[in-house]
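# model the structure of this input:
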Amino acid sequence: QVQLVESGGGSVQPGGSLELSCVASDHTRVNCMGWFRQAPGKKREGVATIYLGGGGPTYGDSVNGRFTISEDFAKKTVTLQMNGLKPEDTAMYYCAASSFWCSLEEERFNFWGQGTQVTVSS
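Numbering: from 1, shown residues only. Take a look at the predicted model:
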């Protein structure tokens, strides 16, 4: 079992920035890492994914151009830099890891973190 530990998140005003980080306990079973989010009453959606070791960052349409995902293979860490935050970005953000190909479809991810809350309001 791969454990994922998230950090970051919190509250910020519209237009502000936040950074989320996620560390995996074991990367030998991980090919791809990413972030998903779920707002109250809404379906969980893919935010961004990246191959551990580099390559192929993919972004959801609603965050493309504002969020940047990066990874550090040696540290088994993936980071999500969120700029230009909007109230509609408010959600619980989940780190996820996959033994398979990267995708914004949550069904491809077999390991999940506990989630960290991001709130954007004035």
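
# buried set for stretch 27-36?
Across stretch 27-36, burial judged by 16 or more other C-beta atoms under 10 Å covers 27, 30, 32-36. Any C-beta I mention is one placed from the backbone N, CA and C, and that applies to glycine too.

# strands along the chain, start to end?
Per DSSP state E, the chain has strands spanning 4-8, 10-12, 18-24, 32-38, 45-51, 58-59, 67-72, 77-82, 91-98, 111-112, 116-120. These are given in chain order.

# in the last one, which residues are buried?
Meaning strand 116-120. 116, 118, 120.

# which among the buried residues of stretch 27-36 gets closest to F73?
F73 has its nearest neighbour among these in H27, at 7.0 Å by C-beta to C-beta.

# give me the pLDDT value at the closest residue to the closest one other than its chain neighbours.
By the measure of C-beta to C-beta, 6 or more residues apart in numbering, the closest residue to H27 outside its immediate chain neighbours is K76, 4.6 Å from it. Note on K76: pLDDT of 90.

# thinking again about what came up before, could you provide the buried residues of strand 116-120 in a markdown table, with additional columns for distance to G15 and pLDDT?
What follows is these, written out as a markdown table (distance: C-beta to C-beta, whole Å; pLDDT from 0 to 100):
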| residue | distance to G15 | pLDDT |
| --- | --- | --- |
| T116 | 20 | 97 |
| V118 | 14 | 98 |
| V120 | 9 | 98 |
